[in-house]
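*Asks:* Just the structure for this:
(2 chains)
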Amino acid sequence: MIRVAKAPPYLAIQDAGRTRFRAAGVPRGGAMDLFAMRAANLIVGNQADSAVLEWALGGGSLSFLSALSFALVGASARATIGGKTVAPCTITRAAAGEQLVIEQFLTGRFLYVAVSGGFDVPPLLGSRSNYLPGHFGGLEGRLLKTGDELPVGTARSSPAEGFHCAAELMPRYDNETVHITRGPQADLFSDDAFRVLSESTHRVSSASDRTGYKVDGPSVGASPGSLPSEAACPGAIQVPGDGHPIILMADAPTVGGYPKIAVVSEADIPIVAQRRPGETLRFEIITIEQSQKALRRRAADLNTIAQLAAGAASARLLHM
Amino acid sequence: MGARVQPLGDSAITIELGSERSPELLREVHAAAAQIRLAGLDEIEDVVPAYLALSVFYDPLRSSFSEIAERVLEILSARDSVSAAEDPRHHVIPVRYDGVDLESVAAATKLTAEQVIELHTARTYTVDLLGFVPGWAYLSELDQRLQIARRPQPRPRVARGSVAIAATQTGIYPLDTPGGWHIIGNTNTALFDPSRDPPSLLKAGDTVRFERVA
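*Replies:* Sure, this is the predicted structure:
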């Protein structure tokens, strides 16, 4: 069990989200940075899609009521456990009664806290993730607050002490370039629109949240405005009438009427998710084949992390 | 059929079946969606029908874009057994016509509140699709005399169960959410329950009638 000793402004339970209920209007939701969430889980020996804490907007602290292994992946922040510095992307042991303190973020927007065993709230529609606009999932459908006690599941393996995930296996979060593929309504936009999209610098607007990130920068020009609604997805770049693109994120509605000029490569969605308001992005168009290849590379990197973490765990067993 | 298949990112494809919105095309989209679900391909995780197109969400680690596009088109070309959406159901929804906008709708449509209620309850509506928020069904088509544009300023919070109209459609707010439609009544019927599977009372292709209760 873990108690929220001091909740940051945003703290929620998330996993990989709901993937089979879009026809009922249920968005995928889940972690904004799926890669960081999965890496955090694998480092502590969990299944990749176990429930974690998604942490944003400021500092706070957690109390471990029992001894547990945990890992912090995603945004970088100064963190301590029992007063000692916690390294990112590293399995760390917390003794019963110790407090994990996370301070202001240095870079990035969402930090994932995975604990061995995962957070064990009741699943709804195949996921434990909190869908805040619908008031369901996570703990009682709401953000976590100070004093909440969070149940933790049973760890499936004895995690490796000291395992650290190398930076080469993580997305390059400092990379400004984000790859995109042509969207279903790409043909409705002129060559000029694509030139503006791929040759300008786009700044993440303060109007950005789990539903979508507006980007400030040059307008991509006239958009046909609203069309008959059709399916949308996280990463879709939709263009409302004013020509200023919006990148849909995890909690975006399942359908929408704005034309989708392009879609962010899934391999690069974590890079977008971790951009703060005011930070910049550039878009580079690639083919769907290139994009899916990049995604397979990310999946292979996650496999490598899982194997290295498991290897470190069994090496530890041999030395016992 | 002249279907146009395009990627919607790495994990979905959109298959456009036509370019003009019509009840016939919508039925065709629902039938195609049913056919794909029925085929039960392992790599397909979700099918989302809409007005002109349907989208198929799949696992890109199991199938590439060109592989899934080919498989889906193959399923759709073998158009025989299923001709309609999967067993559409008819729902009767009891409504108290005491919505906060009933009088303003009556004024805007130059009808009496009583006539607004009569026209709203007289029709059988079809669920075009679900979206906006979980369990929200776009219901068509509203009597022409009731068609007015949505409110210029959406309300920050509309209570769940609010029955509302805007443009050519009517709908029921399944959750407390912001909303810009005109609220003419309220229902106790639960539209969405995440602890149920399926979670939504209504599905695309179903029909709905509103019944006035005191």
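*Asks:* Can you show me the helices along chain B?
*Replies:* Assigned by DSSP state H, the helices in chain B fall at B:23-39, B:65-77, B:102-109, B:113-122.
*Asks:* Quick check: which of those is nearest to chain A?
*Replies:* Taking CB to the nearest CB, helix B:65-77 is the member of the helices of chain B nearest to chain A, at 4.7 Å. Bear in mind the C-beta positions are built from the backbone N, C-alpha and C, glycine included.
*Asks:* who does the closest one touch, helix- and strand-wise?
*Replies:* helix A:288-318, strand B:4-7, strand B:12-16, helix B:23-39, strand B:53-58 (3 or more CB pairs under 8 Å, 6 or more residues apart in numbering or on different chains; DSSP states H and E).
*Asks:* how does it look with 7 Å?
*Replies:* When contacts are defined as 3 or more CB pairs under 7 Å, 6 or more residues apart in numbering or on different chains; DSSP states H and E, helix B:65-77 packs onto strand B:4-7, strand B:12-16, helix B:23-39, strand B:53-58.
*Asks:* I'd like those written out as a markdown table, with mean neighbour count and distance to chain A added.
*Replies:* Below are these laid out as a markdown table (neighbours: other CB atoms under 10 Å in any protein chain shown; distance: least, CB to the nearest CB, whole Å):
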| stretch | mean neighbour count | distance to chain A |
| --- | --- | --- |
| strand B:4-7 | 20 | 4 |
| strand B:12-16 | 24 | 5 |
| helix B:23-39 | 19 | 8 |
| strand B:53-58 | 27 | 3 |
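*Asks:* In JSON lines: the ones you listed, plus distance to B:Q147.
*Replies:* Below are those laid out as JSON lines (distance: least, CB to CB, whole Å):
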{"stretch": "strand B:4-7", "distance to B:Q147": "31"}
{"stretch": "strand B:12-16", "distance to B:Q147": "27"}
{"stretch": "helix B:23-39", "distance to B:Q147": "16"}
{"stretch": "strand B:53-58", "distance to B:Q147": "25"}
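*Asks:* Now do the buried residues in stretch A:109-128.
*Replies:* For stretch A:109-128, burial by neighbour count (16 or more other CB atoms under 10 Å in any protein chain shown) applies to A:109-121, A:124-125, A:127-128.
*Asks:* Run through the residues that contact the nearest residue in space to B:D176 that is not next to it in sequence.
*Replies:* In space, and not counting its chain neighbours, B:D176 is closest to B:R160: 5.3 Å by CB to CB, 6 or more residues apart in numbering or on different chains. Going by CB atoms under 7 Å, 6 or more residues apart in numbering or on different chains, B:R160 touches B:Y173, B:P174, B:L175, B:D176.
*Asks:* Just the pLDDT for the third one.
*Replies:* Spelled out, it's B:L175. B:L175 carries a pLDDT value of 93.
*Asks:* which residues does the nearest residue to B:L111 once chain neighbours are set aside contact?
*Replies:* In space, and not counting its chain neighbours, B:L111 is closest to B:R145: 6.6 Å by CB to CB, 6+ apart. Residues near B:R145 by CB under 7 Å, 6+ apart: B:T109, B:L111, B:L119.
*Asks:* follow-up on the earlier one: compare the contacts of B:R160 and tell me which is most surrounded.
*Replies:* For the contacts of B:R160, the largest number of neighbours (other CB atoms under 10 Å in any protein chain shown) sits with B:P174, at 28 neighbours.
*Asks:* what about the residue nearest the centre of chain B, distance to A:V263?
*Replies:* What sits nearest the mean C-alpha location of chain B, by CA atoms, centre = their mean, is B:L129, with 2.2 Å. In this view, B:L129 and A:V263 are 21 Å apart by CB to CB, to the nearest Å.
*Asks:* With B:R155 instead?
*Replies:* The gap separating B:R155 from A:V263 is 32 Å, by CB to CB.
*Asks:* Going along the chain, name the strands of the stretch 201-320 of chain A.
*Replies:* For the stretch 201-320 of chain A, applying DSSP state E, counting those that start in this stretch gives strands covering A:202-208, A:212-216, A:230-231, A:236-238, A:246-248, A:255-256, A:260-264, A:280-285.
*Asks:* quick one: pLDDT of residue 169?
*Replies:* No chain specified, so I'll use chain A. Per-residue confidence (pLDDT) for A:L169: 95.
*Asks:* other chain: chain B
*Replies:* Looking at B:Q169, its pLDDT reads 96.
*Asks:* Settle this for me: it is touching B:L142, isn't it.
*Replies:* Yes: with contact taken as CB atoms under 7 Å, B:Q169 and B:L142 are classed as touching, separated by 6.0 Å.
*Asks:* More neighbours: which of B:R155 and A:V263?
*Replies:* A:V263 (30 against 16).
*Asks:* residue contacts, the more buried one?
*Replies:* A:I180, A:T181, A:G183, A:G235, A:A236, A:I237, B:L8, B:G9 are the contacts of A:V263 under CB under 7 Å, 6+ apart.
*Asks:* how about the third one, what does it touch?
*Replies:* Neighbouring residues of A:G183 by CB under 7 Å, 6+ apart: A:A236, A:I237, A:K260, A:I261, A:A262, A:V263.
*Asks:* Touching, A:G134 and B:G135? I think so.
*Replies:* No: when contacts are counted by CB under 7 Å, A:G134 is not listed as touching B:G135 (8.5 Å).
*Asks:* So which of those two has more stuff around it?
*Replies:* With neighbours defined as other CB under 10 Å, A:G134 and B:G135 compare such that B:G135 has more, 27 against 24.
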